[in-house]
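Asker: Below are the sequence and a predicted model for it; my questions follow.
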Amino acid sequence: MAIEFAEYQVCVDVFITTQTYVDIASISVVPTTTGGQVYYYYPFSALSDSAKLYNDLRWNVTRPQGFEAVMRVRCSQGIQVQEYHGNFCKRTPTDVDLPGIDCDKTIMVTLKHDDKLQDGSECAFQCALLYTTVYGQRRIRLTTLSLPCTSMLSNLFRSADLDTQFACFLKQAAHKIPSSPLLQVREQVTNLCISVLLSYRKFCATVTSSGQLILPEALKLLPLYTLALMKSTGLRNDGRIDDRSIWINYVSYLSTPLAIPLVYPRMVAIHNLSPKDEDESLVPPVIPLSSEHVNDEGIYLLENGEDGLIYIGNSVDSNILQQLFGISSPNEIPTQFVLQQYDNPLSQKLNDLVNEIRRQRCSYLRLRLCKRGDPTGQCFSKTIEAN
């Protein structure tokens, strides 16, 4: 069915609202092959999830997008395309068929060095996308990049892009999960990270003691993010099958800026939000993901671009709870939560913060309240301890 949809240039998006297992792995084949995506709301609540469902539907229809697309990547001699990763149909060795393509989709292309490149010369890469606009116009978009060649490995490490390197690790791991044991996938990702760091130590670092940790400046956080990936939803043994399947589907088209937050979420304190100057960011300073930075008198927002957990400590001032959530005690936390804006400055700042995060992530953040001891609170604690 998926191939037939692709042949007729039909892009399929699926919206799933459920309380039970629905076999996401099977359902996602059609959206993945036709350039679409799966929107998954579990466990669905008509009260707390209706706003997200509405915004997802609206954005799905109004976002910049094209149809009946064909994409090809070309390279200079000495380099060739090795593999494509993303949501598409590939029926020929050189072209990628995309019944639908939009601003939220990313296609990763891995390249292979198969011939000698002259030091000091430049290599060119070109991506050509032929597509039809929503107004029926047939257009072609070309993106060309020229990069210098070097025989110095230190230059390569100096110019390395951490976000792109990790996004590559993430997508390759997600691609292997359906066909390989999780233990083997975790070992392969770990070995990739070790290989990168070993190459730097062996060929670029100055003479040091064998016990000293040597990391390239541009990739010094790569081990941290790799460890976070090991403990993410997709690679954990104790996760639900549907949760792992939707994680794989999401990663397949995930953009580079959202790759790191997915496995290493951002945490900020919201109990002491202060007024911001016009040129200041609405997002407060990020707190390290460690239990020692979380106390019982605080309220914290943990977000990964798709979901947000608001953790309420057991000893939070009742006045702050009343201002933010309209409750006087952590024991009054509702099971179904909808963020309200109350008539006070603190509530206004929290709403501004959530809206800013939604704008940055291009996603309508799904919010849940939790406290120590309840199932969602345990999920918060596990995320903090895992990272």
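Answerer: Perfect, I can see it now.
Asker: what are the ranges of the strands in this protein?
Answerer: Using DSSP state E, the strands of the chain run over 14-17, 38-41, 65-75, 79-85, 96-102, 108-113, 122-132, 138-148, 266-269, 299-303, 307-312, 366-371.
Asker: got these as a markdown table, with distance to Leu57 columns?
Answerer: Just so you know, the C-beta spots here come from the backbone N, C-alpha and C atoms, and that holds for glycine as well. Output for the strands of the chain, formatted as a markdown table (distance: least, CB to CB, whole Å):
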| stretch | distance to Leu57 |
| --- | --- |
| strand 14-17 | 7 |
| strand 38-41 | 8 |
| strand 65-75 | 14 |
| strand 79-85 | 27 |
| strand 96-102 | 14 |
| strand 108-113 | 27 |
| strand 122-132 | 23 |
| strand 138-148 | 26 |
| strand 266-269 | 26 |
| strand 299-303 | 22 |
| strand 307-312 | 18 |
| strand 366-371 | 14 |
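Asker: how about those strands in a markdown table, adding mean neighbour count, distance to Cys168 and mean pLDDT?
Answerer: Compiled in a markdown table, these are given as follows (neighbours: other CB atoms under 10 Å; distance: least, CB to CB, whole Å; pLDDT from 0 to 100):
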| stretch | mean neighbour count | distance to Cys168 | mean pLDDT |
| --- | --- | --- | --- |
| strand 14-17 | 15 | 27 | 97 |
| strand 38-41 | 20 | 23 | 97 |
| strand 65-75 | 18 | 15 | 96 |
| strand 79-85 | 15 | 9 | 93 |
| strand 96-102 | 22 | 18 | 96 |
| strand 108-113 | 14 | 7 | 94 |
| strand 122-132 | 16 | 15 | 96 |
| strand 138-148 | 10 | 16 | 95 |
| strand 266-269 | 18 | 21 | 95 |
| strand 299-303 | 22 | 24 | 96 |
| strand 307-312 | 22 | 24 | 94 |
| strand 366-371 | 20 | 27 | 92 |
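Asker: So for Pro216, which of the ones you listed sits nearest?
Answerer: Distance to Pro216, taken as CB to CB, is lowest for strand 138-148 among the strands of the chain, at 18.4 Å.
Asker: Which residues does that closest one contact?
Answerer: 66, 120-133 (CB atoms under 8 Å, 6 or more residues apart in numbering).
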